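In: I would like to see how this sequence folds:
(one chain, ligands or ions: 1)
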Amino acid sequence: MTPSDREDPRDVIEEPAEGCPCSRRAFLQVAIGAGVALSASRPRADEPPPGSTALPKAGDRLVYAEGSRAGQEIKPEDILLGEQQIMAWPIDPASSVVRNGSRLNEILVLKLDPGSLDDNTRQYAAEGIVAYSAICKHAQCPVTGWDKQKQLLHCFCHATEYDPRKSAAVLSGPAPRPLPILPVKIVDGALTVAAPLRGKVGNQSV
Ligand code: FES
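Out: Next comes the predicted model:
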């Protein structure tokens with residue numbers, strides 16, 4: 001055997017098991033492969049935390065989505081009767097994970113005269129507080145407008161108007177369906193999600 005027939009001596013590492021003269025190259029290949037596998041199983045820094053993309057669940061609370069109180073819990077007394085909706089994210093109170101990993105999870109919450117709610121809306125409301133998906137059923141803009149005089153939700157993108165007293169029925173504009181309602185209740189003074197959204201979030205062609 002000539003020197004050229006042998007592997008580079010620097011590539012020969014300690015024999016770890018009988019009959020297995022592993023080379024450095026082979027070892028490195030295994031190590032690199034293992035490293036890739038390890039890094040693949042570890043969450044990346046830019047990945048949303050687990051649970052943040054999940055739709056709101058029973059037991060979740062709501063936090064302000066924007067403004068100077070962003071991230072703070074919305075309390076029932078913060079929601080003023082007949083005033084503009086508050087934009088919110090669900091939060092898992094056990095893990096403190098805010099479910100803002102998907103913009104489709106945005107919620108709007110407002111307070112209305114309980115006597116003005118239709119039967120369906122009333123059963124999912126808590127002391128006049130109602131919550132809906134904030135994502136317009138037309139082209140998925142956030143529904144941020146509020147006509148205080150008419151007490152209607154307004155989407156600025158293409159002017160759909162929703163009636164929050166009537167299960168977010170569409171009164172005008174191109175949206176094909178009402179906003180899904182999010183059942184809420186008050187537990188020990190905290191505004192709490194009572195059940196998942198009633199309906200599919202986002203635009204629907206049928
Ligand atoms: S996205 Fe709301 S009306 Fe078009």
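In: all contacts plus neighbour counts: C-alpha atoms, from now on.
Out: Fine.
In: which ones are touching Ser102?
Out: Residues near Ser102 by Cα atoms under 8 Å, 6 or more residues apart in numbering: Ser52, Thr53, Ala54.
In: For Ser116, see how far away it is.
Out: Per Cα to Cα, to the nearest Å, Ser102 is found 32 Å from Ser116.
In: Repeat that for Glu47.
Out: 43 Å.
In: Neighbour count: these two, which is higher?
Out: Taking neighbours as other Cα atoms under 10 Å, Glu47 and Ser116 compare with Ser116 leading, 13 against 9.
In: so that one touches Arg165, yeah?
Out: Yes - the pair Ser116 / Arg165 is scored as a contact, 6.4 Å apart, by Cα atoms under 8 Å.
In: Can you work out which residues contact both of the two?
Out: Common neighbours of Ser116 and Arg165 (Cα under 8 Å, 6+ apart) do not exist.
In: which bits of the chain sit near the ligand?
Out: By Cα under 6 Å from any ligand atom, the residues of the chain that approach the ligand are Cys136, His138, Ala139, Gln140, Cys141, Cys155, Cys157, His158, Ala159, Thr160, Pro174, Ala175.
In: Among those residues, which one lies nearest to Leu197?
Out: Taking Cα to Cα as the measure, Cys136 is the one of the residues of the chain next to the ligand closest to Leu197, at 14.1 Å.
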